[in-house]
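Asks: here is my input; please provide its structure:
(2 chains)
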Amino acid sequence: MKPFPVTRQGLLIVFIITFKAILMTVTPLSTDFLAQITYQTKFLTPYQLLATSILQIWYLLPFDHPQISTHLTLWTAQFLHATTGLYLLVFMLKLPLLILDILAGSLIYAITLRNSTNAKRARFAFFLWFLNPYVLVMNEMAGAIDLLPVVLFLLSILFLQRPKHLVKGALANAAAMALKLFPIVLLPIFPMVGGRSRFSWVVVASGLLGVATYFAWVIAGGYNPGAQLLSYGPFTQSFDDFVLATSTGKQIGVAAISLVLTYVVLAERWPRTRDSIVDALLLTLLGYFAFASWVPHYFVWLIPFLVLDRAINLRNSTYLIVLHLSAILIVVAAFPSYFTADGNAFFFVPPLSSQLTSAIEIYQRVVQQGFVTIVGIPIVRALFTITCILYWTRLLETRTGLISQLTKRLL
Amino acid sequence: MILRNLLTPVFRRFRLLVVLIVTVKLILAAITPFGYDYVAYMSGTIVAGTTWSWSPWIIFAKGAYGFWLWLPLDHGDFLHGLSTTTGPLLPSHYLLTAIVKTPLLLADIAVAHLIKNLATRLGQSSSMSRATTLLWLCNPFATLFVEMWGSVEILVLFLSLAGITLAIGSRHMLAAIALASGIALKLSPLIAWMALIAWMLRTPYKRANLIAVISAGPIGILGYFYWLARGQIEAGAFLLSSPSYSPVTQMFSEYTTSWVYQIPSYPGFAVVGVVAYYMFLGATCARENWSLVTLTLSGTLLGFGLADWFPTVFLTAMPLMALWSTRSHKYQYVLIFCALLTVYLLTFYDAELTSTSLSVFFIPMSLVPYATQIVAAIRTASSLVNQAMLGFEIRSIFAGFLIAYAASTTWNSLHQSQC
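Replies: Now for the predicted structure:
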């Protein structure tokens, strides 16, 4: 990987990092972030282990160390007259997330460079990721931990595209899956693209190892291994589909159906080259996201692949922009308690002034309007879904020519 | 000439194999008095005043039961024998089971014959048509559902397949009669009926034949609801999906969407999907005989994917799957289908398969070594899957696969017709 030249771009990166560092420090009031130091489980999750270690380092520093409240309301109250030490703790706890952000950008740069052999496009991809406001809000501000498995998964893709790094790629894949289960929906892609080769077997075996590890710590942590798949938790993995149901109560999930259809299309028609893996992964995620009910930070799984496709294949930016805008509207309108920490903050910022307090009230009042809940959210969600479907279709057509063949045969 | 052909070593091996398979099926039919459907309609036959009394199948079963009672045997209490693990099941009970299930076995053989006939008519070589027939006869699910479970769906399948074969042989009037009879027994051949109409519209046809085929649907539906009404069965059971399954009537429950505000009538995806599919393919499918098989198979799979059916109805797709697999030399879809159906049955129908811990796949526990352990393993596995809340995903994956299978069959049909 070529280093970035120390130019205006380098300065821009430093500026963005500084900006992100400041923002992440002044946004301590996120329920997901607080969970890292408050969640009571029998066994510390991998994320809590890290947070606990940072906390111990913080206690060693020569600052005042106010008592850390593990209750959301008290934690909120602490920031109304917070000391520098408390903000330093927030900075320290979120620093790994900022590092992950930079790592993700670097991996996107490397993958783009490998697949396009064009440094300009690779830099473009890096900045498309690093300047992404959605990533900033979810990663640095909300403090969601989903970027860690995303980074590991990107690392595995980078390695798996090079035959000599197969084992490293498989290990990164296993680690990603052991932290959050979402790459499991992408696991069937590798044998489909790789065929009956050592590559496929190794990746599938690593995936199964990751799944086993995930359930091992989930069970050790005292979670119900089945129930946690259906109910949201900041560290565990939940899957939620749009559901079709019979009058007798039998249900099927549309996202699962969409995934199976995508797998079949990939198995039947997709080119068997490792260069096509990135597109195949995006195709699968689009098929899933179109019909899945996701919480705000799950969209971060999709963003790297949108960026990669934009940069490598010079895809029209419309898809990327529409998906981001609709995702932002959906999450802002549908998850007010997420962005206000149950009415305690305005986009994770403590209500330090009367303007911020009234902003929280206005925000909550607006999103509770019938026009937003009954009309706005379904329309925007439909826009998101149809954009995913159109994107899916375009991607499939580009790689396989299936749609034009079908149209030709039918007409 | 025909006789000489039948005496060739290949045919002799084939016939020997068929005889062997049929013998195994007959034995399995006799030793499975706990067959889920069989128990249900025998209860309807033996207990007086049942609401199913007008079911064509119950009428037959009553005759068979009367014949069995007439035989000089120790009849015992058949229903009591089925209600307990310790109750005595006499040899005569196995005989009764064999007698009542014989028409099912005969229908199974008739379906095999129709498959061979259909394969030959569709231009497959004699070796391929034999392979297709064996694929049906050796299908473990066919044996499980027909001979062991005792599903009368095989009679419906026979009539439906006869309709397709006759239509391909240009005997449209007879095809219409066969389909109307099938629909009158159960409503599932409505899919084959729609496929036949869509196919006829793409091929040269006589107006009278088309009218006859179109009339088969309403006549069959009238026949079905006629005997339903005479048997005092709630006529709305089909539309509203009776929560309790009955082996002689049609259980059908579509997946629907929900609304922001509760609206009493939902659009059902199965009906919408299958009708739209036939309207679309009816205008574009190739003008050849294979298209009828493709349309019926794809429409059936699509209907299965978008509705909740009792598993025995999956039988209706299996002969067509056998035909498609041997033609396209692609067996992976059938294998995945079988694997998913196995998981589906063990997850959702463990109680039926073990007769709530009284049998192992309908065979009395006293006849099966390690029966208690096998039953415990089946029920525990199902319980674990449901506790892990994987039932929803299994159902979704199965539905998705069925839709993908339908799409793949349609695509291959279009592809081959272009070639």
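Asks: is chain A contacted by stretch B:350-363?
Replies: No. Stretch B:350-363 stays clear of chain A (Cβ under 8 Å from any Cβ of the partner chain), getting no nearer than 15.5 Å. (Each C-beta comes from the backbone N, C-alpha and C, glycine too.)
Asks: gap between the two ends of that stretch?
Replies: For stretch B:350-363, the first-to-last residue distance is 14 Å (Cα to Cα, to the nearest Å).
Asks: same thing with stretch B:345-358?
Replies: First-to-last distance for stretch B:345-358 - Cα to Cα - comes to 17 Å.
Asks: where exactly do the strands run in chain B?
Replies: Applying DSSP state E to chain B gives strands spanning B:253-254, B:307-308, B:359-360, B:363-364.
Asks: mean pLDDT and mean neighbour count added to those strands, as CSV?
Replies: Shown next, in CSV, are the strands of chain B (pLDDT from 0 to 100; neighbours: other Cβ atoms under 10 Å in any protein chain shown):
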stretch, mean pLDDT, mean neighbour count
strand B:253-254, 81, 22
strand B:307-308, 88, 24
strand B:359-360, 88, 24
strand B:363-364, 90, 20
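Asks: can you list the ones you listed in CSV and add distance to A:Leu171?
Replies: As requested, the strands of chain B are arranged in CSV below (distance: least, Cβ to Cβ, whole Å):
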stretch, distance to A:Leu171
strand B:253-254, 46
strand B:307-308, 42
strand B:359-360, 44
strand B:363-364, 48
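Asks: what's the nearest residue to the residue in the stretch 251-400 of chain A that chain B sits nearest to if we skip its chain neighbours?
Replies: Closest approach of the stretch 251-400 of chain A to chain B (Cβ to the nearest Cβ) occurs at A:Val260, with a separation of 3.0 Å. Nearest residue to A:Val260, sequence neighbours excluded (Cβ to Cβ, 6 or more residues apart in numbering or on different chains): B:Gly400, at 3.0 Å.
Asks: try A:Gln228
Replies: Nearest non-adjacent residue to A:Gln228, counting by Cβ to Cβ, 6+ apart: A:Thr236, 4.4 Å away.
Asks: OK, contacts around that neighbour?
Replies: Applying Cβ atoms under 8 Å, 6 or more residues apart in numbering or on different chains, we find A:Thr236 in contact with A:Lys180, A:Val218, A:Tyr223, A:Gln228, A:Leu229.
Asks: pretty sure it is in a helix, no?
Replies: No. A:Thr236: not assigned to a helix; according to DSSP: H, G, I helix; E, B strand; the rest coil it is coil.
Asks: up against chain A, what does the stretch 301-419 of chain B have?
Replies: Contact residues (Cβ under 8 Å from any Cβ) of the stretch 301-419 of chain B with chain A: B:305-308, B:387-390, B:392-393, B:395-397, B:399-401, B:403-404, B:407-408, B:411, B:414-415, B:418.
Asks: buried among these? Make that a ChimeraX selection.
Replies: A single ChimeraX command selects the buried members of these (16 or more other Cβ atoms under 10 Å in any protein chain shown):
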select /B:305,306,307,308,389,390,392,393,395,396,397,399,400,401,403,404,407,408,411,414
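Asks: can you name the residues that contact the residue of the stretch 251-400 of chain A closest to chain B?
Replies: By Cβ under 8 Å, 6+ apart, A:Val260 lies in contact with B:Ser396, B:Ile397, B:Gly400, B:Phe401, B:Ile403, B:Ala404.
Asks: can you do 10 Å?
Replies: By Cβ atoms under 10 Å, 6 or more residues apart in numbering or on different chains, the residues touching A:Val260 are A:188, A:287, B:305, B:340, B:396-405.
Asks: tell me which element it is part of?
Replies: helix A:254-269 (DSSP states H and E).
Asks: let me know the closest of the contacts of A:Val260 to B:Leu20.
Replies: Each of the contacts of A:Val260 was scored against B:Leu20 by Cβ to Cβ, and B:Leu340 proved nearest at 28.7 Å.
Asks: state the pLDDT value of the residue in chain B that chain A sits nearest to.
Replies: Chain A sits closest to B:Gly400 of chain B, with a gap of 3.0 Å, by Cβ to the nearest Cβ. We have a pLDDT of 95 for B:Gly400.
Asks: how close does it get to B:Lys330?
Replies: B:Gly400 is 18 Å from B:Lys330, where distance means Cβ to Cβ, to the nearest Å.
Asks: re earlier: show me which pair in the contacts of A:Thr236 is furthest apart.
Replies: Farthest-apart pair in the contacts of A:Thr236 is A:Lys180 and A:Tyr223; separation 13.3 Å (Cβ to Cβ).
Asks: shared neighbours of these two, anything?
Replies: Counting by Cβ under 10 Å, 6+ apart, the residues touching both A:Lys180 and A:Tyr223 are A:Phe235, A:Thr236.
Asks: which stretches of the stretch 101-250 of chain A form strands?
Replies: Assigned by DSSP state E, counting those that start in this stretch, the strands in the stretch 101-250 of chain A fall at A:243-245.
Asks: contact residues of it facing chain B?
Replies: A:215, A:224-231, A:239, A:241-250 (Cβ under 10 Å from any Cβ of the partner chain).
Asks: among those residues, which are in helices?
Replies: Among those, the members falling in helices (DSSP state H) are A:Phe215.
Asks: just the buried residues from the residues of the stretch 101-250 of chain A next to chain B, in PyMOL please.
Replies: Selection of buried members from those for PyMOL, criterion 16+ other Cβ under 10 Å:
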select buried, chain A and resi 215+228+229+239+241+242+243+244+245+246+247+250
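Asks: tell me the pLDDT of A:Phe239.
Replies: At A:Phe239, pLDDT is 87.
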